[in-house]
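*Asks:* predicted model and sequence follow; I will ask about them next.
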Amino acid sequence: QHCYVALLTRILPPLLLGITRGIATIMEQTSSRVLPPPAKRPRIGTSATGNNSTDGTTNSSGTAHLSPDLWAIVLMFLPYRDILHCSALNRTFLREVSPKVRSIRIHTASQMRAIPARRFAGVTDIAIECLFQCSFDHMEFDREAVGMVMSFLSCFPALHKVSLGGLLAHAGEVHYLEYGDRVTSGRPNMENERLMRSLIIGICGSYRTGILHRDARVDGILLGTGCNNTDRYDGRPDATWGDCLQCIDVCKAFPLEVLPTFDTVSMREKRPIRDRYRCQVCLSMTKILKIVLDRPGGRAMLTDPSCFLEQVVLHGRQDYYGSLKVLKLLPEISVSRGDVQKHMASKQYNETKVRYIERWLFDELVCMGVPLRLEDFDAVE
């Protein structure tokens, strides 16, 4: 044993000294070699050589180099979940691409989160497709989604249009529907009606507080048949017996420009006229226009020639024309031939298949002083 100890004490020191000198030599050789700088990742819109390439061309590896504006257009065709993933790819996507996205579509309530939504401050158009799920014989609202809608919309200061709806599953396909497109039969589900009414109350509050811009348009809402049977007159000075208080609040909160487009409900039938692009209220048009007159700028809008021509001539709204006559506003409306020509040349009017007007309405408007001519229409019957 003493011999082994003596042998190790003679062998180990030279061996360790040799290993130490070898490591030092390798480190000196490595430090003297100059390493190339790490390759920089090309930014969006710039090729690897540093030249700008914002026209959709590709480099030698086949990777497209698009400008932030073009990338934002690409993202708008993706589901919102994928848009969120892309916005976290790098700093350029987060700071330059995300603010340029203009439209998004929400498919689940879990996607309506405020913190990631603030990346897309430039969004102007939102379609929320998760408020309800339905089949041909059943409809069920998502209570969580209904409660999150208004808080989610408050994250988009540039918002101009909101479409509220759900999904219909049929024959293995999923179709987007708005609440006015209900395909269920029988009596309406009162729980669904209450959820829709609570959502409308939130929309009214958002208009009043400024969360929704005064020019923002909300499509797909329907007060439903429940508003004809509940929340009736309770002594409020702005209501009379038979008036629906919620419909009055809607007319007081929504933008002035959309109020003349509201569809009314016959109090005898007590059912809404189904039209997915308009809000349904159970007030008469005369009552609606009275509320418009009481709001700032309401009289100027009702007596504006373009608004009059759009509702009466383009849409043929007899109830609108009759209400103006009842309220004695027709003498205040002055329409020139230039106004008529400008209206006839508008894009909205040119998109109609047939320019049609009823004979009695044409005669009344001419007697009123509106300079209409027979050649302005394809048919006068």
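*Replies:* Done, it's in. Residues are numbered from 1 along each chain as shown.
*Asks:* which secondary element of the protein has the worst mean pLDDT?
*Replies:* The least trusted helix or strand in the chain, going by mean pLDDT, DSSP states H and E, turns out to be strand 173-178, with a mean of 58.
*Asks:* so L164 touches R217, yeah?
*Replies:* No. Applying Cβ atoms under 8 Å as the test, L164 and R217 come out as separate, 11.3 Å apart. All C-beta spots, glycine's among them, are computed from the backbone N, C-alpha and C.
*Asks:* compare the two (neighbour count), which wins?
*Replies:* L164 (25 against 18; other Cβ atoms under 10 Å).
*Asks:* look at that one and give its secondary structure.
*Replies:* Here L164 is recorded as strand under DSSP: H, G, I helix; E, B strand; the rest coil.
*Asks:* same check on the one 3 residues further on?
*Replies:* Classification of L167 using three-state DSSP returns strand.
*Asks:* just grab the bridge partners of it for me.
*Replies:* Q133, Y176 (DSSP bridges).
*Asks:* for it, grab the count of nearby residues.
*Replies:* 16.
*Asks:* please apply the same query to F262.
*Replies:* Residues near F262, counting by other Cβ under 10 Å: 20.
*Asks:* low-confidence regions, the stretch 1-150 of the chain specifically.
*Replies:* Confidence mapping of the stretch 1-150 of the chain against pLDDT under 70 gives the ranges 1-12, 15-16, 24, 26-64, 135-137.
*Asks:* all the helices of it, residue numbers only.
*Replies:* 2-32, 68-75, 80-87, 91-92, 114-117, 143-153 (DSSP state H, counting those that start in this stretch).
*Asks:* for the second one, buried residues please.
*Replies:* In terms of neighbour count (16 or more other Cβ atoms under 10 Å), helix 68-75 has its buried residues at P68, L70, W71, A72, L75.
*Asks:* as a markdown table, those with distance to Q318 would be great.
*Replies:* As requested, the buried residues of helix 68-75 are exported to a markdown table (distance: Cβ to Cβ, whole Å):
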| residue | distance to Q318 |
| --- | --- |
| P68 | 50 |
| L70 | 48 |
| W71 | 50 |
| A72 | 45 |
| L75 | 46 |
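*Asks:* and those residues, which is closest to L131?
*Replies:* L75 (23.6 Å; Cβ to Cβ).
*Asks:* for the closest one, what are its contacts?
*Replies:* By Cβ atoms under 8 Å, 6 or more residues apart in numbering, the contact set of L75 is D82, I83, C86, S87, V97, V101.
*Asks:* likewise V97?
*Replies:* I44, P68, W71, A72, L75, C86, S87.
*Asks:* before we move on, what about V74?
*Replies:* So V74 contacts L66 (Cβ under 8 Å, 6+ apart).
*Asks:* rerun at 7 Å
*Replies:* For V74, no contacting residues are found, by Cβ atoms under 7 Å, 6 or more residues apart in numbering.
*Asks:* tell me where the model's unsure across the stretch 151-300 of the chain.
*Replies:* 169-189, 222-243, 265-280.
*Asks:* show me where it has its helices.
*Replies:* 190-209, 245-253, 285-294, 298-302.
*Asks:* and the second one, what does it pack against?
*Replies:* The reference is to helix 245-253. When contacts are defined as 3 or more Cβ pairs under 7 Å, 6 or more residues apart in numbering; DSSP states H and E, helix 245-253 packs onto helix 190-209, helix 285-294.
*Asks:* tell me what angle the longest one forms with helix 245-253.
*Replies:* Right, helix 190-209. Angle of helix 190-209 versus helix 245-253, following axes from the mean of the first three to the mean of the last three Cα atoms, to 10 degrees, is 30 degrees.
*Asks:* and helix 190-209 with helix 143-153, angle?
*Replies:* 10 degrees.
*Asks:* which strands and helices sit next to helix 190-209?
*Replies:* strand 139-141, helix 143-153, helix 245-253.
*Asks:* now render those as CSV, adding mean neighbour count.
*Replies:* Supplementary listing: the helices and strands packed on helix 190-209 in CSV, determined by neighbours: other Cβ atoms under 10 Å:
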stretch, mean neighbour count
strand 139-141, 18
helix 143-153, 18
helix 245-253, 20
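*Asks:* ok, which of the ones you listed comes nearest H213?
*Replies:* helix 143-153 (10.5 Å).
*Asks:* which helices and strands does that closest one pack with?
*Replies:* Against helix 143-153 (3+ Cβ pairs under 7 Å, 6+ apart) you get helix 114-117, helix 190-209.
*Asks:* make it 6 Å
*Replies:* In terms of contact count using 3 or more Cβ pairs under 6 Å, 6 or more residues apart in numbering; DSSP states H and E, helix 143-153 is assigned the packing partners helix 190-209.
*Asks:* looking at the contacts of V97, which is nearest I128?
*Replies:* Lowest distance from I128 to the contacts of V97 (Cβ to Cβ) belongs to L75, with 18.0 Å.
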